[in-house]
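Participant: predicted model, plus sequence, below.
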Amino acid sequence: MKQRLARGILRAMGWRLEGARPQLDRYILIAAPHTSNWDFPLMLLFAAAFDIRVRWMAKHSLFYPPMGWLMRALGGLPVVRHEKRNLVGTMVEAFARAPALVLVVPTEGTRGRSEYWKSGFYHIARQADVAIVPSFLDFGKRRGGFGPGMRPSGDVSADMQYFRDFYRGMRGRFPAQFGPIRLREEDPPC
């Protein structure tokens, strides 16, 4: 029922589904491009349309009353971004405990333009030995869905090239806010 309802809402909004539901029990789901507040409800609709129960990380301030209970019910995990709390280690432990876990990570970390993606998704996937599945919301063609997953090899530049190729030509709601697809680790040492 939830799946049909989500598909109907997306169709009524002019969006089409692409790609197949990932056939994995545990993986990191990249949410990109992330340029608008619309990305969140659309991500939840696409997850429901593909019958995927997602968990997602967001800034802790979204979890205060009165809406905190709803954010948690929708799969939210509060993250205190300004404190060092070993988030990677915590998420790796969560994967170790869970037979099924789909963790959505907004790799840009913000709706504004960023020159680098946050690398936590990559390190969590490597340490937890899970795949990274790219998802997309392409406002230019009003389509969203999922691409094939990949297991990071440890060659950061080669692995990130996979994502640069995948997202080439896709547009966020505000295209100028979708920055380059790269990690700081790809820059040569100073």
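Facilitator: Great, that's in hand.

Participant: show me where the protein has its strands.
Facilitator: If DSSP state E is used as the criterion, the strands of the chain fall at 16-18, 26-32, 55-59, 76-79, 101-105, 131-138, 143-146.

Participant: which helices and strands sit right next to the fourth one?
Facilitator: Going back to what we said before, that points to strand 76-79. Other helices and strands packing on strand 76-79, by 3 or more Cβ pairs under 8 Å, 6 or more residues apart in numbering; DSSP states H and E, are strand 55-59. (Each C-beta comes from the backbone N, C-alpha and C, glycine too.)

Participant: Glu185: which of the strands of the chain is closest?
Facilitator: Across the strands of the chain, Glu185 has its closest neighbour in strand 131-138 (14.9 Å, Cβ to Cβ).

Participant: can you list contacts of the closest one?
Facilitator: 22, 24, 27-33, 39, 42-43, 46, 104, 121-122, 125, 143-152, 163, 166-167, 170-173 (Cβ atoms under 8 Å, 6 or more residues apart in numbering).

Participant: narrow those to just the buried residues.
Facilitator: If you count burial by 16 or more other Cβ atoms under 10 Å, the buried members of those come out as 22, 27-33, 39, 42-43, 46, 104, 121-122, 125, 143-147, 149-150, 152, 163, 166-167, 170-173.

Participant: ok so, going back, okay if I get the strands of the chain as TSV plus distance to Glu185 and mean pLDDT?
Facilitator: Conversion of the strands of the chain to TSV gives the following (distance: least, Cβ to Cβ, whole Å; pLDDT from 0 to 100):
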stretch	distance to Glu185	mean pLDDT
strand 16-18	30	94
strand 26-32	16	91
strand 55-59	20	84
strand 76-79	21	83
strand 101-105	16	92
strand 131-138	15	94
strand 143-146	25	93
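
Participant: kindly reformat these as JSON lines containing distance to Ala6.
Facilitator: Formatted as JSON lines, the strands of the chain follow (distance: least, Cβ to Cβ, whole Å):
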{"stretch": "strand 16-18", "distance to Ala6": "10"}
{"stretch": "strand 26-32", "distance to Ala6": "16"}
{"stretch": "strand 55-59", "distance to Ala6": "16"}
{"stretch": "strand 76-79", "distance to Ala6": "18"}
{"stretch": "strand 101-105", "distance to Ala6": "15"}
{"stretch": "strand 131-138", "distance to Ala6": "14"}
{"stretch": "strand 143-146", "distance to Ala6": "11"}
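
Participant: out of those, nearest to Arg184?
Facilitator: The stretch from the strands of the chain with the least distance to Arg184 (Cβ to Cβ) is strand 101-105; that distance is 16.1 Å.

Participant: ok, the closest one: who's next to it in the sheet?
Facilitator: Next to strand 101-105 in the sheet, as set by DSSP bridges, lie strand 26-32 (parallel), strand 55-59 (parallel).

Participant: with distance to Gly112 added, can I get those strands in CSV?
Facilitator: Formatted as CSV, the entries for the strands paired with strand 101-105 read as follows, by distance: least, Cβ to Cβ, whole Å:
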stretch, distance to Gly112
strand 26-32, 14
strand 55-59, 13
